[in-house]
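# Pasting the sequence and the predicted model now:
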Amino acid sequence: MRKRVDKASTPATASHLQGAAREVTEEKLLPSPWRRWLKRGLLACCAIFTIEIQYMLPDLTPRVVYSYGIRLPFFADLTQPAELSLNHTVNMYLTPEEGVSVGVWHTVPESQWKEAQGKDLAWYQNSLGNGSPVVIYLHGNGGTRAATHRVGVANLLSALGYHALVLDYRGFADSSGRPTEAGLTTDALYLYQWVKAHCGDSLVVIWGQSIGTGVATNTAVKLLEQGKVVDGVILEAAFTNTQEEAADPMSWLFKKVPSFGFLNTIADNSVFPSDDNLRKMRSSILFLYSEDDTIVPTRMSQQLYQIAQSVQNPDRVKMVSFSGSHGYKHNGLYKDPQTPGIVKMFMQSL
């Protein structure tokens, strides 16, 4: 005799089990004291992080952009430039604003080497009025004015018969204060005005390298707002602005801190808008860059060159690129035997 099977009992049993599972799941998801405390703890951590990041970013952003605070080369006595083969150079300090002191080296033309021996600050200051062109050098991020390539630029300019003034911005090297875009621009502007007060009608050119190109264009625009046009500006390894550089995967800033663009936006800091500045500037400009630069994308120099040429007489805007086969990368253009001639030709065109 066949056993009778009630088919309706199967779905009823499955439905019962599914309902029981839902009840168990819902019971597990119900708030419990420990779960409430966990939520409160997470909310508290988020609040603390938000507050902390607001305090950290103003300090974090400058340290990422400027890489200041480490005095390279180590053990260099910045008060004794003669120890670094600059024996016709004086070390001095200027005060661009209350509470801020910045270190500056003044190297006189090579032709005054013998006369400069043993001279004091007053002699160097007076020498600015001898009619020789003056170049204010605004270096890039990290290190000090004693870095090899910065000493190399000072010697190059001196050999050409120019005065070279190399500035360490606030927060760098032995300069006091903390670097910001406005602060660096103030330092450069003050040095320019100090030079103009002592050099008479001599030609004054600003040479910016890397982050110094942003300082240079900022300074030129500030002076233009005062009705003053800088005689000439040299931009070596220039970038468009820090926001665009931070977004470029080929840039040093992106490689070092991929999220910098976001952090910098929150901190509302450090833009250096050379692209916008060049649309306002009326100075003669020379762009220099090496094709193997791994710090700043070379396309940015090309982009800035095109902007500058579009807003003023193209004859007043020059660009020279150096083959990557030389291995100059970001800091080595001063080594090229053609560089002195390129700089001299630009200076003579002013």
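Received it, and whenever you're ready, just let me know what you need.
# so where's the stretch 51-200 of the chain shaky on pLDDT?
For the stretch 51-200 of the chain, applying pLDDT under 70 flags the ranges 51-72.
# Please enumerate the strands of it.
Under the criterion DSSP state E, counting those that start in this stretch, strands of the stretch 51-200 of the chain are mapped to 89-97, 100-107, 134-138, 163-168.
# Out of these, flag the one nearest residue 153.
strand 134-138 (5.8 Å; CB to CB). Placement of C-beta: from N, CA and C, glycine included.
# so the closest one versus strand 100-107, what angle?
Here strand 134-138 runs at an angle of 130 degrees relative to strand 100-107 (axes from the mean of the first three to the mean of the last three CA atoms, to 10 degrees).
# got a markdown table for the strands of the stretch 51-200 of the chain, with distance to residue 209 and mean neighbour count too?
As requested, those are arranged in a markdown table below (distance: least, CB to CB, whole Å; neighbours: other CB atoms under 10 Å):
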| stretch | distance to residue 209 | mean neighbour count |
| --- | --- | --- |
| strand 89-97 | 19 | 17 |
| strand 100-107 | 15 | 22 |
| strand 134-138 | 7 | 25 |
| strand 163-168 | 11 | 26 |
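# For residue 227, find the nearest of those strands.
strand 134-138 (19.4 Å).
# got the CA positions of the closest one in PDB?
Extracted as PDB, the C-alpha positions of strand 134-138 are listed here (Å, rounded to 0.1, in the frame of the first residue of the first chain):
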ATOM      1  CA  VAL A 134      71.600  92.700 -10.800                       C
ATOM      2  CA  VAL A 135      69.900  89.300 -10.800                       C
ATOM      3  CA  ILE A 136      67.700  88.200  -7.800                       C
ATOM      4  CA  TYR A 137      67.700  84.400  -7.700                       C
ATOM      5  CA  LEU A 138      64.600  82.800  -6.100                       C
END
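# can I get the strands of the stretch 51-200 of the chain in a markdown table with distance to residue 305?
Below are the strands of the stretch 51-200 of the chain laid out as a markdown table (distance: least, CB to CB, whole Å):
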| stretch | distance to residue 305 |
| --- | --- |
| strand 89-97 | 31 |
| strand 100-107 | 29 |
| strand 134-138 | 19 |
| strand 163-168 | 25 |
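# how about those strands, which one is nearest residue 148?
Among those, strand 163-168 comes nearest to residue 148, with 12.7 Å by CB to CB.
# Run through the neighbouring helices and strands of that closest one.
strand 100-107, strand 134-138, helix 148-159, helix 181-198 (3 or more CB pairs under 8 Å, 6 or more residues apart in numbering; DSSP states H and E).
# Of these, which is nearest residue 314?
strand 134-138 (23.7 Å).
# got the contact list for that closest one?
Applying CB atoms under 8 Å, 6 or more residues apart in numbering, the contact partners of strand 134-138 are 128, 150, 153-154, 157, 162-167, 169, 188, 191-192, 195, 199, 202-209, 212-213, 215-216, 219, 234.
# How about stretch 302-315?
Contacts for stretch 302-315 (CB under 8 Å, 6+ apart): 235, 238, 240, 274-275, 278-279, 281-282, 285, 287, 317, 319.
# Kindly recompute the last result at 6 Å.
238, 240, 275, 278-279, 285, 287, 317, 319 (CB atoms under 6 Å, 6 or more residues apart in numbering).
# for stretch 272-282, same thing?
214, 217, 220-221, 229, 240-242, 304, 307-308, 311.
# how far away is the spatially most central residue of the chain from residue 141?
Among the residues of the chain, the one closest to the centroid is residue 211, at 2.7 Å (CA atoms, centre = their mean). Counting by CB to CB, to the nearest Å, the gap from residue 211 to residue 141 is 5 Å.
# And for residue 127?
Taking CB to CB, one finds residue 127 at 30 Å from residue 141.
# Please apply the same query to residue 171.
Counting by CB to CB, the gap from residue 171 to residue 141 is 11 Å.
# now do residue 282
Residue 282 is 28 Å from residue 141, by CB to CB.
# same thing with residue 205?
Distance from residue 205 to residue 141, by CB to CB: 22 Å.
# neighbour count winner among these two?
residue 205 (24 against 20; other CB atoms under 10 Å).
# now the helices: where do they sit in the protein?
9-29, 33-66, 113-116, 121-127, 148-159, 181-198, 211-225, 242-247, 252-256, 260-267, 274-278, 298-311, 339-348 (DSSP state H).
# and residue 116, which of the strands of the stretch 51-200 of the chain is closest to it?
Across the strands of the stretch 51-200 of the chain, closest to residue 116 is strand 89-97 (CB to CB), at 8.0 Å.
# What lies in contact with the closest one?
79, 81, 101-107, 121, 124, 186-187, 190.
# quick one: which of those residues is nearest to residue 146?
Among the contacts of strand 89-97, and counting by CB to CB, the member closest to residue 146 is residue 81, at 7.8 Å.
# Would you mind writing the CA trace of stretch 200-217 as CSV?
This file holds the C-alpha atoms of stretch 200-217, laid out as CSV (Å, rounded to 0.1, in the frame of the first residue of the first chain):
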residue,chain,number,x,y,z
GLY,A,200,70.4,103.3,-9.2
ASP,A,201,69.4,102.7,-12.8
SER,A,202,71.0,99.3,-13.1
LEU,A,203,69.1,96.5,-14.8
VAL,A,204,67.3,94.2,-12.3
VAL,A,205,66.2,90.8,-13.4
ILE,A,206,64.4,88.1,-11.3
TRP,A,207,65.4,84.5,-11.9
GLY,A,208,63.0,81.9,-10.4
GLN,A,209,63.6,78.2,-10.4
SER,A,210,60.9,75.6,-9.7
ILE,A,211,58.7,76.9,-6.9
GLY,A,212,60.7,80.1,-7.3
THR,A,213,59.1,80.6,-10.7
GLY,A,214,55.7,81.0,-8.9
VAL,A,215,57.3,83.4,-6.4
ALA,A,216,58.8,85.4,-9.4
THR,A,217,55.6,85.8,-11.3
